[in-house]
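A.B. asks: coords please:
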Amino acid sequence: MDLSGNLTDETYRHPLPVRLWHWLTAATVLGLLFTGICILNVHPRLYWGEVGNEGTAAVVGLDPAGPAVAGHAAPAVLNIGHAKFDVTGITGVPFDYGNDGTYFMIFNAPESWHFGGLRAWHFALAWVLVTAAAAYAVYLLLSRRLGRMWLPTSAQLAPAAIRRDFWQHLTLRRADDRQYNLLQKLAYLAVLGLLLPLMVLTGLTMSNAVTLRFPELFTLFGGRESARTLHALFAALMILFILVHVFQSFVAGIVNQLGAMLTGYYRLHKETP
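C.D. replies: Reported below is the predicted structural model:
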């Protein structure tokens, strides 16, 4: 019985390979997001096609909105397509007042954060992520965990079950914790089977060494700058997944969730009669 008076039981949910992959991936993704944001910070503009520079129209861009005045926040505008949003005082740090205009960063980064070093770390962490994901995919197949834990059951795909699952999430109610619910399974499958591969492929498209051998990547994503824009979009979706994942962990009981991912044992909750 736990502190709330509910009867509890334990099940061994997360074997050691699952726990190792989870924490390695969590650390690697956080490192990738940090270095990726720092790389984007140097040139916070995203384009479509093969070429992108200050003279090219941006799909998304942080740009100056007027001359900077000493003692005041630099006027800044966030352009998303044809929409413009005034972000003066929220973000935008001018770092060059040369003849070519005022260039912006998203935030003021220390001078010791060299672009070349951050880019090298970003690619190194990406290969760690790829290797870990490939090894985990093999484990899922060989252990049959993919079918047992991740693939939706016919009962979960019934219309009534789908409506119930959505309602439980919308009302922040604890779902049946004896198995992953439908939305969990779909989210994990989408991230591992779609989002991560797309992030990797768009990232590789920005590597000269890779595209020299596989120029078809440019055709696949519509150009180097298109791949960069899609890479940033997929990174934003990854951030969204992480935020929802952490939020749902608190809804389900963060202590129990962390304990299960550290020890493997998950505490099942049963209402007292």
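A.B. asks: which strands or helices does the host helix or strand of Trp167 pack on?
C.D. replies: Assigned by DSSP states H and E, Trp167 belongs to helix 159-170. Helices and strands touching helix 159-170, by 3 or more Cβ pairs under 8 Å, 6 or more residues apart in numbering; DSSP states H and E, are helix 182-190. Placement of C-beta: from N, CA and C, glycine included.
A.B. asks: mind checking how far the helix it packs on is from the chain centre?
C.D. replies: The chain centre lies 15 Å from the centre of helix 182-190; the measure is Cα atoms, centre = their mean, to the nearest Å.
A.B. asks: residues of it that come out buried?
C.D. replies: For helix 182-190, the neighbour count (16 or more other Cβ atoms under 10 Å) marks 182-185, 187 as buried.
A.B. asks: run through the stretch 151-273 of the chain and note the low-pLDDT ranges.
C.D. replies: Across the stretch 151-273 of the chain, the ranges flagged by pLDDT under 70 are 174-178, 269-273.
A.B. asks: should've said the stretch 1-150 of the chain
C.D. replies: Residues of the stretch 1-150 of the chain that meet the cut-off, pLDDT under 70, sit at 1-8, 68-71, 96-103.
A.B. asks: mind running it again at 50?
C.D. replies: Low-confidence segments of the stretch 1-150 of the chain (pLDDT under 50): 1-7.
A.B. asks: host element of the residue nearest the centre of the chain?
C.D. replies: Geometric centre of the chain, nearest residue: Met238, 1.7 Å, by Cα atoms, centre = their mean. Using DSSP H and E, Met238 sits in helix 224-252.
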